[in-house]
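S.K.: following is a predicted model, sequence given first.
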Amino acid sequence: MKFPIADQSILVTGGAGFVGSHLVDALAPHNDVRVLDNFSSGSREHLPAGVTVVEGDLRDPLAIQRGARGVDLIYHQGAVVSVTESVAAPRRTNAINLGATLDVLEQARIEDARVVLASSAAVYGDPESVPIPESATGDPPSPYGIQKLTGDAYARRYHDLYGLDTVCLRYFNIYGPRQQGPYSGVISTFLEQARAGEPITVEGDGEQTRDFVHVADVVRANLRAGVTETTGSAFNVGTGRETSIRSLAERIRRIVGRNVPIVHTDPRPGDIRHSCAETSRARTEIGFESAVDLERGLETLVEPATGDVIDAMIGEQVVEDEG
Ligand code: UD2
């Protein structure tokens, strides 16, 4: 099998975090990989041997400079992912989520490196309709959404203004092994509750929907973005399928096999009602299509998957992508 990205020098910011560390696992056997992380939420245990670690804060341009020196490709994954935290601390999160993105883009100009940016469905705000095409314009209700939207726009403009190879990947609701911590997403919260024999807490009526995409698919989207000739654009990374939060709760209860109650609490203030990706642009322009359905994806969490299982899931698909 020929791996799509080989013999490159690559920086992954946030490389010890949830998505970043799975990406590093995939890239490291074939490339010279450097990780810039301050380990505030990421973990050293997730990093494979042979990876160079640059410990530093994204708000420090010198750390970015050190990390990016001589690289061909930058995967900019580092961010504060909590919407709530961005509401509590707009300036601090802006410095991390937007300021650092600009610094990464500037450094990439110096190095003439490609930048693949972790953007977000948050750029669409509360969409008028689903599925959401990349052309939809949003008015994000949170600082987090504004930060991601602006970083996404900068990355596309750096392509047009300075000829930099940039690709924005707008992640929908990602789940998978290693998603942990206080802001870890509804799937890991429900799993923890069910496993502990506690009630599953559905916020609101549970009829709100999300597009859940497995981290193995997100890694594959990043591999495509690392090599595509279609730069200067943004692509949705989702499955195109909507799941209601109530049905998710029921499914998780069934899979875990514990008859815990499902309780409804107050809806989350400012919650988005429906979110689902229109996936055709990613399919036709960068050849990315999700391959892990929710049933199989949840199995990787219930039967705690080893890194090898995730590698295999990515590997199988890489072979198929290559045709
Ligand atoms: C996701 C991203 C966020 C941002 C946002 C953009 C995650 C973890 N977060 O936020 O970073 O990109 O999309 O729109 O992917 N819920 C419950 N019970 C719980 C926890 C959550 O019912 O115990 C509901 C919650 O009210 C919401 C849904 O589950 O309707 C998803 O919540 P989430 O925090 O997993 O993700 P979301 O979509 O708010």
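M.R.: Now that the structure is in, tell me what you want to look at. Numbers count the residues shown, from 1 in each chain.
S.K.: now for the residue in the stretch 151-300 of the chain that the ligand sits nearest to: which residues touch it?
M.R.: Residue nearest to the ligand within the stretch 151-300 of the chain (CB to the nearest ligand atom): Gly185, separated by 3.1 Å. Yep, even glycine has a C-beta here, placed from its N, CA and C like the rest. Gly185 makes contacts with Asn173, Ile174, Tyr175, Gln179, as judged by CB atoms under 8 Å, 6 or more residues apart in numbering.
S.K.: before we move on, what about Ala68?
M.R.: Leu11, Ile74, Val104, Gln107, Ala108, Ile110, Glu111, Ala113.
S.K.: quick one: secondary structure of the residue lying farthest from the centre of the chain?
M.R.: Here the chain reaches farthest from its C-alpha mean at Asn259, the gap being 31.7 Å by CA atoms, centre = their mean. Here Asn259 is recorded as coil under DSSP: H, G, I helix; E, B strand; the rest coil.
S.K.: separation between the closest residue to Asp126 other than its chain neighbours and Arg178?
M.R.: Closest residue to Asp126 apart from its sequence neighbours, by CB to CB, 6 or more residues apart in numbering: Ile272 at 5.0 Å. From Ile272 across to Arg178, the span is 25 Å (CB to CB, to the nearest Å).
S.K.: got it, and Arg69?
M.R.: In terms of CB to CB, Arg69 sits 28 Å off from Arg178.
S.K.: between these two, tell me which one has more neighbours.
M.R.: Arg178 (23 against 14; other CB atoms under 10 Å).
S.K.: report how many residues lie close to the nearest residue to the residue farthest from the centre of the chain once chain neighbours are set aside.
M.R.: In this structure, Asn259 finds its nearest non-sequential neighbour in Arg253, 7.2 Å apart by CB to CB, 6+ apart. Neighbourhood size, Arg253 [other CB under 10 Å]: 18.
S.K.: in what helix or strand does Arg253 lie?
M.R.: Per DSSP states H and E: Arg253 is located in helix 245-256.
S.K.: mind giving me the packing neighbours of that helix?
M.R.: helix 186-195, strand 200-203, strand 262-265, helix 294-302 (3 or more CB pairs under 8 Å, 6 or more residues apart in numbering; DSSP states H and E).
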